[in-house]
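With the input below, show me the fold.
(3 chains)
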Amino acid sequence: MWNWDYTLLILPQILEALKITVSATFVAFAVALVVGLILTLARRSDFKPLSLFAQGFIEFVRSTPLLVQLYFIFYVLPEHGLSLSPFIAGVMGLGLHYSTYLSEVYRGGIESIPPGQWEAAKALNFTPLETWRKIILPQSIPPVIPVMGNYLITMFKETPVLSAITLVEIMQTAKMLGSHSFRYLEAFTIVGVLFLVLSYSSSLMVRRLEVRLNLR
Amino acid sequence: MSVPLKVIYNEESTKSIGNDLRKVAVQPIVNYSNISKSYGDLQVLRNIDLDIAPGEKVALIGPSGSGKTTLARLLMTLEEPTSGTIEVDGEMLWHQKTNGKLVKANEKHLHKVRGNIGMVFQHFNLFPHMTILRNVMEAPRNVLGLSKEEAMERAVTMLKQVGLANKIDAYPAQLSGGQKQRVAIARALVMRPKVMIFDEPTSALDPELVGEVLEVIKAIAAEGEMAMLLITHEMDFARDVADRILFFDQGRIIEQGSPKRIFNNPESERLQTFLSRFNRH
Amino acid sequence: MWFDILPSFWEGAKITIQLTLFSAVIAFFLAFLAGFGRLSKIKAVRFLAATYVEIFRGTSLFVQLFWIYFALPLFGIMLPKMLAGVLALSLNAGAYGSEIVRSTIISVPKGQTEAAIALNMTPWQRTWLVILPQALVMMLPAFGNLIIEMLKGTALVSLVTLADLTFVATVLNSSIMRPTEIFSVLLVIYFVISLPFTRGIRWIEHRLSAGRY
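A predicted model of the protein is given here:
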């Protein structure tokens, strides 16, 4: 049933495609980190329309499927003159989707700062920008780094969805190999095991990081 | 039961046992025999021997971390002794005989013996999702198997006794600390245990609420039949209620005797130091 | 205009909602089974539960769905699309749900169990009368979020050609080529379906923070 010769034959091709998966993960994570922070700040803004927009955006994106969002970016934007490669469309979609989750993470970190810190910054006559850069963010981000690490792993596991907009990452490679030989078992199992091993070992690393941060 | 009768020594007069009887042979309701308890390298109880007579009120005093609470928790089966045995009403608590051999008690055995004991906790531990009435009714109904009507009647009587009959439909979060503790006392009493443990019942209360809880406990003690193990930092209360006082330090009973003896003529230096901290104010 | 395409989505919406609800019921059941399994006194049960949870959290729904639909037939197990979809969704969500169950149960203060022991309740009574009622209330918002994640996850079944909302949209798009309207309407439909859940969660969270706890 399981064919080891075939497994060894396709393994190098799948591993090769892992590069695309990993780079898509990291680029999308960078997008999520930046957009997530912007969303958090926009949500806290005193300018009502901006904070309402951020809130609505977060709720809408979090309640609709990533796959449909990817279709939207990949099929709708070209209608309006913006054609994107599968990679760019993919990391944009994945990044925007998870930016809404990361904005919650930032928010949690910021809200855990005691009010006395804001008051102290005011007493020292810091500008708002200085307060954020020097007082609030440096204190609110380190404690939430493990949570961010977990989202990085989640995003890594979600990358197969990008195959739906024809990005040739490991899942797409496995699908192509499978449809070629009519054998899906080996290809999909390799993909599953790869994800399991990589995400499980990374989550152990995050857990260790968490313990270290708690000890401090 | 083949348990030998224990001899309880009462150096002086007690409330439950006559003045002229220095030695009284009764079967103790609780017997700790060579009990030790360790957490890893930390030994919190060292070879404790202790008998409590039926109806006797025993107060445990001593610095925090001296092992008083652990002694009580072993009796409530919340923690297991490292070595030694405990008997309740002549029956082994943590051990049972299977085919003539003494083995660790199973849950069924614990369930049987534990029914003799009740406990009031420092932090009340009321069930937040139940009304006051249900907090008090739940165990009679489900553990004792009483009918709903019987359980309710018992619960209401008990709540009247602690002065909270008007709060039966409230939730714990709506009560003051003193009221919560009175409900907790009713909840434990309604099971009619033979031994009641009070583990620092007023330590978590605001000072102005301590009195109402102590009054309730004193009233229960005055009724007499139930043995009590009181862990407390309220020295006046211990003096008023207890038949016997045990002074604990570093996992040992350093000194014991009647309240009068302990407070008026403390023998050991450690007890003298301990008491001097209370006398200063 | 965009509303002429709306009726086409009706059949797809039924499939999507069915998938979500069926899977949610099974996932809920699995979550309790595995959640309690991980807290079991028996080592083998703990190990089994942990293995299930780690496997289904360590890979994504996408991979699980494709494996069940395309790789299982090689073992002679051919599942209909709907069943494959429900199986993948519920196994995946069950693993996440078990963490909700486990973490809320251990977050009930230890004093509650101790009080139940002091009242001589049996282990069964401690769980059913004291621990679970308190844990369940804390679980509700998290389970609400999980259902939304499941609703979003259903879109993936379109890739194994089960005719859900997303599948209907892609087929419609390939015939009439109006992506802007079709995909905008599709997003809004998902959002509308999720609304009762997001509002429900918010209502419960509000009650919890204001209520008697």
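
Near residue 53, how many other residues are there?
Reading this off chain A. Around residue A:53 there are 15 other residues, counting by other Cβ atoms under 10 Å in any protein chain shown. C-beta: built from backbone N, CA, C; applies to glycine.

looking at chain C here, not the other one
23.

Next one: residue A:34 from chain C, what distance?
For residue A:34, the distance to chain C equals 23 Å [Cβ to the nearest Cβ, to the nearest Å].

contacting residues for that residue?
residue A:99 (Cβ atoms under 8 Å, 6 or more residues apart in numbering or on different chains).

ok, which stretches of the chain are helices?
Just so you know, I chose chain A. Counting by DSSP state H, chain A has these helices, from start to end: A:4-43, A:48-63, A:66-71, A:86-111, A:115-123, A:128-130, A:137-158, A:170-181, A:185-215.

try again with chain B
Under DSSP H, chain B gives helices at B:68-75, B:107-114, B:132-142, B:148-161, B:177-189, B:207-223, B:235-241, B:259-264, B:269-279.

Dump those helices to CSV, plus mean neighbour count.
Listed next are these as CSV, based on neighbours: other Cβ atoms under 10 Å in any protein chain shown:
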stretch, mean neighbour count
helix B:68-75, 23
helix B:107-114, 16
helix B:132-142, 23
helix B:148-161, 17
helix B:177-189, 24
helix B:207-223, 16
helix B:235-241, 18
helix B:259-264, 17
helix B:269-279, 13
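
what's the closest of those helices to chain A?
Proximity to chain A (Cβ to the nearest Cβ) singles out helix B:177-189 among these, at 26.7 Å.

Are there helices or strands packed against the closest one, and which ones?
strand B:117-120, helix B:132-142, helix B:148-161, helix B:207-223 (3 or more Cβ pairs under 8 Å, 6 or more residues apart in numbering or on different chains; DSSP states H and E).

Just send those back as a markdown table, with distance to residue A:12 and mean pLDDT too.
Shown next, in a markdown table, are those (distance: least, Cβ to Cβ, whole Å; pLDDT from 0 to 100):
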| stretch | distance to residue A:12 | mean pLDDT |
| --- | --- | --- |
| strand B:117-120 | 66 | 96 |
| helix B:132-142 | 64 | 95 |
| helix B:148-161 | 72 | 94 |
| helix B:207-223 | 74 | 91 |
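
out of the ones you listed, nearest to residue C:74?
helix B:132-142 (52.4 Å; Cβ to Cβ).

Now do the closest one against helix B:177-189, angle only.
10 degrees (axes from the mean of the first three to the mean of the last three Cα atoms, to 10 degrees).

coming back round to it: quick one: the helices and strands packed on helix B:177-189 as a markdown table, columns for distance to chain C too.
As requested, those are exported to a markdown table (distance: least, Cβ to the nearest Cβ, whole Å):
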| stretch | distance to chain C |
| --- | --- |
| strand B:117-120 | 4 |
| helix B:132-142 | 4 |
| helix B:148-161 | 12 |
| helix B:207-223 | 16 |
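
Would you confirm that residue A:155 contacts residue A:30?
No. Using Cβ atoms under 8 Å, residue A:155 is not in contact with residue A:30, being 10.7 Å away.

of the two, who's got more company?
Per other Cβ under 10 Å, whichever of residue A:155 and residue A:30 has more neighbours is residue A:155, with 22 against 12.

and that one, what does it touch?
A:25, A:28-29, A:32, A:94, A:98.

rerun that using 10 Å as the cut-off
A:24-26, A:28-29, A:32, A:91, A:94-95, A:97-98, A:101-102 (Cβ atoms under 10 Å, 6 or more residues apart in numbering or on different chains).

For residue 37, list the residues it contacts.
Reading this off chain A. A:99, A:102-103, A:105-106, A:137, A:141.

Let me rephrase: I mean chain C.
C:30, C:44-50, C:52-53, C:98, C:101-102.

Any idea which of the helices and strands packed on helix B:177-189 gets closest to residue C:132?
Among the helices and strands packed on helix B:177-189, helix B:132-142 sits nearest to residue C:132 (Cβ to Cβ), with 13.7 Å.

from the middle of its chain, how far away would that closest one be?
21 Å (Cα atoms, centre = their mean, to the nearest Å).

what about residue B:251, how many neighbours?
22.

Low-confidence ranges, the chain, go.
Assuming you mean chain A. Counting by pLDDT under 70, chain A shows low-confidence ranges at A:215-216.

wait, I meant chain B there
For chain B (pLDDT under 70), the answer is B:1-25, B:279-281.

domains of it?
Per automatic domain parsing, the structural domains of chain B span B:7-116+B:193-279, B:123-180.

so residue B:194 makes contact with residue B:30?
Yes. Using Cβ atoms under 10 Å, residue B:194 makes contact with residue B:30 at a distance of 8.8 Å.

more crowded one of those two?
Using other Cβ under 10 Å as the criterion, residue B:194 and residue B:30 rank with residue B:30 on top: 24 against 17.

For residue A:160, which non-adjacent residue is spatially closest?
residue A:171 (3.6 Å; Cβ to Cβ, 6 or more residues apart in numbering or on different chains).

which ones are touching the one you found?
A:14, A:17, A:21, A:159-164, A:187-188, A:191, A:195, C:60, C:62-63, C:66.

8 Å - rerun?
Per Cβ under 8 Å, 6+ apart, neighbours of residue A:171: A:159-160, A:163, A:191, C:62-63, C:66.

and what of residue C:55?
A:196, C:95.

related to what we said a few turns ago, would a markdown table of the helices of chain B with distance to residue A:114 be doable?
Formatted as a markdown table, the helices of chain B follow (distance: least, Cβ to Cβ, whole Å):
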| stretch | distance to residue A:114 |
| --- | --- |
| helix B:68-75 | 33 |
| helix B:107-114 | 45 |
| helix B:132-142 | 36 |
| helix B:148-161 | 42 |
| helix B:177-189 | 27 |
| helix B:207-223 | 29 |
| helix B:235-241 | 39 |
| helix B:259-264 | 46 |
| helix B:269-279 | 35 |
